[in-house]
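Enquirer: model the following, please.
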Amino acid sequence: MIDPWTAVDGEEFEAYNQRRWGSSGWTLQLREQGGKDGATFQNWKWWPNTLKAHQLIQFASNHGVDTSASNSALFHALYEEGENVSLTDTLVEVGVDKLGLPRSELANYLANDEGAQIVQRDIQRCKQSYQISSVPFFIIRNPKSNDPPYGFSGAQSTRKFVEIFEELSSS
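Expert: As a prediction, this is how the structure comes out:
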């Protein structure tokens, strides 16, 4: 989760950044780097509580939707469309419109917090297994090796991922 202490319904972006860090100036480099890879952050209005978004990803995965498609839909809704992905109604619309999920089943799943305990358990397990202390955090396994997975955190450029993949594939 981005920040588990964020209000359940999310917080307005500038107000959250003012309260937490004194300003949103820290996002300037993120926006600049993201723009190079097509993530313009053009309509970032909310700082979300991401628990229900994680539940949407879990629900979608259980319905055969690739996790990267779910993440992409959520990122686009939050950063480009200005949607508050903390809210059940918003997540249902993303799930139905972008991922083709069944409306009433998804709405009930999110409204009843089904899967919330599994999400929390998975987060704790990963924090302990990989010493995760910040997000985003990436875990990359080399399918050609029995070496432990490679983990790193922080927003990264496409070039950095290519370098890591090349390094791991040559070992």
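
Enquirer: list the contacts of P136.
Expert: The contact partners of P136, taken as CB atoms under 8 Å, 6 or more residues apart in numbering, are 153-155. No exception for glycine: its C-beta is placed from N, CA and C like everyone else's.

Enquirer: looking at those, which is nearest T90?
Expert: A155 (23.4 Å; CB to CB).

Enquirer: list phi and psi for that closest one.
Expert: Here is the backbone geometry of A155 (degrees, to the nearest 10): phi -60, psi 130.

Enquirer: residues contacting it?
Expert: So A155 contacts 30, 33-34, 136 (CB under 8 Å, 6+ apart).

Enquirer: if we go to 6 Å?
Expert: Contact analysis of A155 by CB atoms under 6 Å, 6 or more residues apart in numbering lists L30.

Enquirer: relative to V65, how far out is it?
Expert: For A155, the distance to V65 equals 24 Å [CB to CB, to the nearest Å].

Enquirer: same check on L56?
Expert: From L56 to V65 the distance is 10 Å (CB to CB).

Enquirer: of those two, who's got more company?
Expert: L56 (27 against 19; other CB atoms under 10 Å).

Enquirer: and what about the closest residue to that one other than its chain neighbours, helix, strand or coil?
Expert: Spatial nearest neighbour of L56, excluding adjacent residues (CB to CB, 6 or more residues apart in numbering): L91 at 4.8 Å. With DSSP: H, G, I helix; E, B strand; the rest coil as the basis, the three-state label of L91 is helix.

Enquirer: what's the following helix or strand after the helix ranked longest in the chain?
Expert: If you go by DSSP state H, the chain has its longest helix at helix 116-130. Heading C-terminal from helix 116-130, the first helix or strand you meet, by DSSP states H and E, is strand 137-140.

Enquirer: residues of that next one that come out buried?
Expert: F138 (16 or more other CB atoms under 10 Å).

Enquirer: how far off centre is the longest helix of the chain?
Expert: 14 Å (CA atoms, centre = their mean, to the nearest Å).

Enquirer: which other helices and strands contact the helix or strand encompassing Q18?
Expert: Using DSSP H and E, Q18 sits in helix 13-21. Where contact means 3 or more CB pairs under 6 Å, 6 or more residues apart in numbering; DSSP states H and E, helix 13-21 is packed against strand 46-47.

Enquirer: may I ask which helix or strand of the protein has the lowest mean pLDDT?
Expert: strand 150-153 (a mean of 79; mean pLDDT, DSSP states H and E).
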